[in-house]
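A.B. asks: Fold the following for me, if possible:
(2 chains)
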Amino acid sequence: MVGHEPREPDAIDEDVRIGSERVADDAVVVTVIGEIDMHAASSLRAALTRAIDEGAVTVVVDMTATTFIDSMTLSILVEAARSAQLRGGELRIACADLNITRIFEMTLLDRLLGLYPSRTAALEMLSGTT
Amino acid sequence: MREAVEFVARPRANRAVVLGALATVIGTSAVSALVSVTTLEGKPGPAALYLLVVMLAAALGGVWVGLFASIAAFLEYRYFYIVPTHSLAITQSNVVALGGFLLAALLVSYLLFQARRSLSALQANRQTLELAMQSGAMGSWEWRPDRNTLVLSEGAERLLGLEAGTFSGGADELLGFVHAADRARAAAALELAVGPDDALDLALRFVRQDGVGLWLELRGRAVTSGADELTRVVGVLVDVTQLQEAAQAVRLQLAEMAQGHGLLSAAIDQMPIGVIIAEAPSGRILLSNAHLDSLWGEPLHRVGDVSEYAGFRGFHPDGSAYQPGDWPLARAIMGGESTVSQRLEIELPAGQRTTIESNAAPIRDGSGQIVAGIMSVVDVSDRIRREREQQFLADGSAILSSSLDYEATLTRVARLAVPALADWCTVDLVTDGDAIENVAVAHVDPEKVELARRLRMEYPPEPDAATGVPAVIRSGRSALYAEITNDVLAAATVDERQIEIARELGLRSAITAPMTAGGRTFGAITFVNAESDRRYTDADLALLEEIARRAAVAVDNARLYKEQAYALNQAEDAWAQISRLQAVTAALSEAITSSEVAEVIVREGLVAFRAQAAAVVRLGSGGTELEVLASTGFPDSVRSGWSAYSADVECPTAEAIRTRRVVAIESSEQLAERWPHLADLQAQTGMSANITAPLLVEDKAVGVLQMSFRDARQFDDSVQALLATLARQCAQALERARLYEAEGAARAHAERLTNRMRRLQLVVDAALGSGSVDDLLHGLLERLRDAVGSDTATILVLDESGEVLRERASLGFDKLVESRVPLGQGFAGRIAATQLPAVVADISQVDVVNPNLRDSGVVSLAGVPLLVDGRTIGVLHVGTRGSHGFEREDLLLLRLAASRVAAALERAQAHEREHRIAETLQRSLLPSALPAMAGIEAAARYVPATSGVTVGGDWYDSFTLEDGSIGIAVGDVVGHGVVAAATMGRLRDVLRAYATDGLGPAETLARLNRMSCREGEDVFATLVYGVVSPSRDCLRMASAGHPPPLLRGPDGTVTRLEGGRSLPIGASADAVYQEAAVAIEAGSLLLFYTDGLVERRSESIDTGIDRLAAHIADSSAPVADVADSIIGTLADADHTDDVVLVAVAVEEARLPRFTKELPREPRSLAPMRAELRAWLESMGAEDDEIFDILVAVNEACSNAIEHPLLGPDADEHLVVLEGEVMRGEVSIAVRNPGAWKPAAQRKNRGRGLELMETLMEGVEVTRLPDETTVRMHRRLRRIVSVQ
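C.D. replies: As a prediction, the model looks like this:
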């Protein structure tokens, strides 16, 4: 296993940043800050792909600081969740924003992706199961 | 009783019987003797002697002795006198001889016995008579018929219960004592007694004076004195009451006597009824006859006791067994009861029952003691059966006649037959297809009915079967299968299974009768007996035939009725059509012409008759020609060739007119036979049959109505009647139309005459009216031309030089060449010079200067000078192309017109001058265009009056005030022409001056009024002045007697703004002007106008205002269009006044819109969202709403940016966003200009559209070749109003 250094989120714009952090041997938290749209989509996809490729069984997408998503964001998350599942892992989403949560609910993705109210909650469950 | 009385009361007659009997015996004996003698080979012998011996023996010794003597005498005779004993053979002659002896002996002994009995009875009677006489029960009487006096002896009076010597009177009084029942007989006897040879002798019931009844014998004889002259009848009255009683006893004695001799028994035995006599009180059967035994089917035991009557096996009608005491015989013996016609059933040895009727009576001896009882019995089963059959026939007939639904009635009849007459009853009918259909099956057991139906379905009858129903139907003869044997079954069935089923049904006996009516057999009724084991006989068959006959008649009737009903229906259909036609005809009001009437009749008739062609032909007024008014369905060649033809042509139409009857041609053959020359025509029309009815008006044929049919057909009475009715309708309508047309023609003529005068008047009216001179003159010429009936009309006016006539107005020329006619030259020139009217019949005969006249083919001319104050100002002339010329009347008319035309022309020219000045002035004073005003869109229209010279007076003005208010003034100065226009101009200027000084509407008007009054000028004007506030939400207004402005709110409601009204300007110097404030909403329309817009002749101004209000209520068009459409409504109205209209639309304020142009790169999305968010927040959208809308818009934009475009500068195209909020709904359009590459859809975007649709309330994507637009909208929770 190649080590995964915790690092500051990449700055895509002044207001949008995406970073990932290995919190356990097999768990990575991808932090998404700001508005995720078409512009930020490729960064998000890259971060998730890397996390899964690097062997993270559990990938937590921390969207507690995310203020906007679009349909492409949803597609990337679904793609990543499938990819994680194929490798025996799972994708969890920590999201507190009611508007974003509503988008997940409207598109019925809340049933496909594990939604947690906070990063801590997502990780607690992780430690609980490991 | 009476017979018995007479028998006993007539000893003489009795004796005669005895003597007669003896004579008969002797005679018979003599014959017998002779027979004997001749039979014995002609040898005379002592046969008569022997016979005498025998008779004596019988007479003296009775029957048995006589018998013995006979046999002895016979043997002796044969032995001793004829042949040796050995030859004594039993031959016929011997038997006859012996029979003769025996018979004689029997008769002699019987008659002697009779005589002896009678004699002994007579003896008794005599004794009684003697007793009667001794007791004084006798009297004498004498009757004189000629005087009708009757004298009774004392004894006779005593018999009648009268005191001696009290009877007086004639035969009638005596008859009064006779019992009513015997009186007629007594009277008749008395009548007869008058005859010389007739003795009176009869026993009568009398009623004594004291009411006691008694039997009296009335005897008498006519006594004549002189030669055949009747004088009186004398006789006796004898009380024979006791004799009568004695007779009773005698009768009983006789009965006993007869029984004793076996005579009664023998007689009874021969009786055709069953008789049984039993002894009382034991009930021992004394006697019963052979018929009785046959009734019971076996000899009845001679029972010895009533209790043994149980063996008679009787049953009550309710089925319960007869108790011994129930038997009528028992009741007669024991209770003395008489029974008459009591019905009961008896059981026969085989177990069946039969119905008998019994009579029983007691037999009493002289003392009234019941000594025996007699019962007679008749088998009434036949009668019952007949009764039942009659009942069946009656009921069946009733059922058959109860309904026309014969299948139902036949079923009921079949049910009626079972089980009384048959176990099964079936009815079969021949259907249209010659199949035999079973319409009814009846059996008491529904399951069996079902079985029979199934069997019937499985084995339908063969129409040509040799037996059974088919055979009966075929032959029309009934069939009787008394015994259905296996052979019969085999013949009637097709296979073993059918036989099996038939056997299961246990069919025993059957009869089938044909249903025949009108010589046609169309069905059969069948009775079958199965379980009841009855056998049918010819009698049953007769019954069945009868019911079948009745059923056949009923069915036949029903069928006929149905056919008739069908025909009736058909007729009713037709009548319905007729009613329709009547309605149509009625609708043909007077305004409908003959040909229109004919068209309608033809069209409707075609439908009513389902005909293929129809025509209405009218007889011309000359009566010689037929004219087709309307036709349909015929080929064009026929129509054109036969549009009119001579009434002499031999054809159905001509014949219908000639004979005034319906002519029916039912086939081509029929036509060819009657009118061979029409065969070709018939072939052309393609019709085979037709029916033609005359159109009669007051019994005169004025035309015909004809219906034609492609196929040959029969025209029954109903069709003919229908056609006749239609023809009547048609004739009436045509007559009406003809009258109307005639009346119309007459009226037209009358109208033409009066119109000439009226038109003249119109010429004058036109001259006095107002309008442009050209229009006026044109109108004048039109009317003049109409009035005189010319083709052309021309007005020439002498120009200013006074030397040349110039054409000022003309009509009726194809083309016009500028024509100048020098004074004194040509037709018009001469008229102008001479000032005299002129008429030219043919202009080729004179010189004519005006080339237009010749060029347009004018032949005749008439002209008059136009004179004003004796001076010629022009010439008026009219021309015709035809050569009918002009009459004196026309010339007069022309002169009359000319004088008016001249005056009008003179005046009109003056008016025209002024009108031109006024209009110019007015237009120059009115603003050429309204200034642009913020928040207001306004349009003004000024329309001068279309006629007359009333220009001037109406005005409007509009201006923006310093504070942003907008002033609008509309006014109408009373008066016309230049002066009014000038006043208007001054008012306008002054108003604007006051208004711009900042005065309010009321104050402005007040000052205007004061100024107008102070000037002392003749100013009188109405006006309305309004000021729309800078915020455009309020109108302040004041009105000086002006019609109310209208306000249409945004919801379309229109209000009259009646507030702030005061007196017109110039009305009063003291007038006080008021002001009204009206709130106006965005989207409202204000309408200011002058009365010319809403005033029309013969209509109140209110109506005009309402019409205007209605006109603008629904209009949502831009204000200029509204103004134009309002003015448009004036176009067809002859408005004689100026019209001013100012329409002011208060614009709907809008919320700030959102617009954004987006470079085609993802980087631009975030700033766009930030701007959109800010705008949405300003629109009052809440956070979640904003988020949803942002996501949706972002998707649309992402889609646009992502989508590759065609072309080199594709990336130059910007994505355009436009957003607005209207009435609380946000709508955003994302336009993506540029032609798309036909690229494949990217997978992520599918979810994009889905998101948009989820988040917004409506998403609409419009794809054009060079632009794709996504429009979406969503209501916001909060509605933000404009501020």
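A.B. asks: just checking, what packs against the strand ranked longest in chain A?
C.D. replies: In chain A, assigned by DSSP state E, the strand with the most residues is strand A:58-68. Using 3 or more C-beta pairs under 8 Å, 6 or more residues apart in numbering or on different chains; DSSP states H and E as the contact test, the elements touching strand A:58-68 are strand A:27-35, helix A:38-53, helix A:71-86, strand A:90-94, helix A:98-106, helix A:119-129, helix B:1183-1202. Bear in mind the C-beta positions are built from the backbone N, C-alpha and C, glycine included.
A.B. asks: Run me through the strand neighbours of that strand, direction for each.
C.D. replies: If you go by DSSP bridges, strand A:58-68 pairs up with strand A:27-35 (parallel), strand A:90-94 (parallel).
A.B. asks: Put together CSV for the ones you listed, with mean neighbour count on each row.
C.D. replies: Rendered in CSV, the data for those read as follows (neighbours: other C-beta atoms under 10 Å in any protein chain shown):
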stretch, mean neighbour count
strand A:27-35, 23
strand A:90-94, 23
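A.B. asks: now those strands as CSV including distance to B:Arg453?
C.D. replies: Below are the strands paired with strand A:58-68 laid out as CSV (distance: least, C-beta to C-beta, whole Å):
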stretch, distance to B:Arg453
strand A:27-35, 87
strand A:90-94, 78
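A.B. asks: how about those strands in CSV, adding mean pLDDT?
C.D. replies: Shown next, in CSV, are the strands paired with strand A:58-68 (pLDDT from 0 to 100):
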stretch, mean pLDDT
strand A:27-35, 91
strand A:90-94, 91
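A.B. asks: circling back: ok, of the helices and strands packed on strand A:58-68, where does mean pLDDT dip lowest?
C.D. replies: Confidence, taken as mean pLDDT, is least for helix A:119-129 of the helices and strands packed on strand A:58-68 (a mean of 70).
A.B. asks: coming back round to it: turn the helices and strands packed on strand A:58-68 into CSV, including distance to B:Gly879.
C.D. replies: Converted to CSV, these look like this (distance: least, C-beta to C-beta, whole Å):
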stretch, distance to B:Gly879
strand A:27-35, 94
helix A:38-53, 90
helix A:71-86, 89
strand A:90-94, 104
helix A:98-106, 91
helix A:119-129, 111
helix B:1183-1202, 79
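A.B. asks: Can you say which of these is nearest to B:Glu347?
C.D. replies: For the helices and strands packed on strand A:58-68, proximity to B:Glu347 was assessed by C-beta to C-beta; helix A:98-106 is nearest, at 99.1 Å.
A.B. asks: per-residue confidence averaged over stretch B:276-293?
C.D. replies: Average pLDDT, stretch B:276-293: 80.
A.B. asks: residues of it that come out buried?
C.D. replies: Neighbour-count burial for stretch B:276-293, with 16 or more other C-beta atoms under 10 Å in any protein chain shown as criterion, is recorded at B:276-280, B:283-285, B:287-289, B:291-292.
A.B. asks: Inside helices: which ones of the residues you listed?
C.D. replies: Using DSSP state H, B:291-292 are the members of these that sit in helices.
A.B. asks: And the pLDDT for B:Leu1087?
C.D. replies: 93.
A.B. asks: what's near enough to touch the closest residue to it other than its chain neighbours?
C.D. replies: Excluding the flanking residues, the one nearest B:Leu1087 by C-beta to C-beta, 6 or more residues apart in numbering or on different chains is B:Leu1046, at 4.2 Å. Going by C-beta atoms under 8 Å, 6 or more residues apart in numbering or on different chains, B:Leu1046 touches B:1054-1057, B:1086-1087, B:1105, B:1108-1109, B:1112.
A.B. asks: Which members of those residues are the farthest-apart pair?
C.D. replies: Spanning the widest gap among these are B:Leu1086 and B:Ile1105, at 14.5 Å by C-beta to C-beta.
A.B. asks: is the residue nearest to B:Leu1087 in a bridge, and if so with what?
C.D. replies: Beta bridges link B:Leu1046 to B:Arg1056, B:Leu1087 when assigned by DSSP bridges.
A.B. asks: what about it, distance to chain A?
C.D. replies: Computed as C-beta to the nearest C-beta, to the nearest Å, the B:Leu1046 to chain A distance reads 51 Å.
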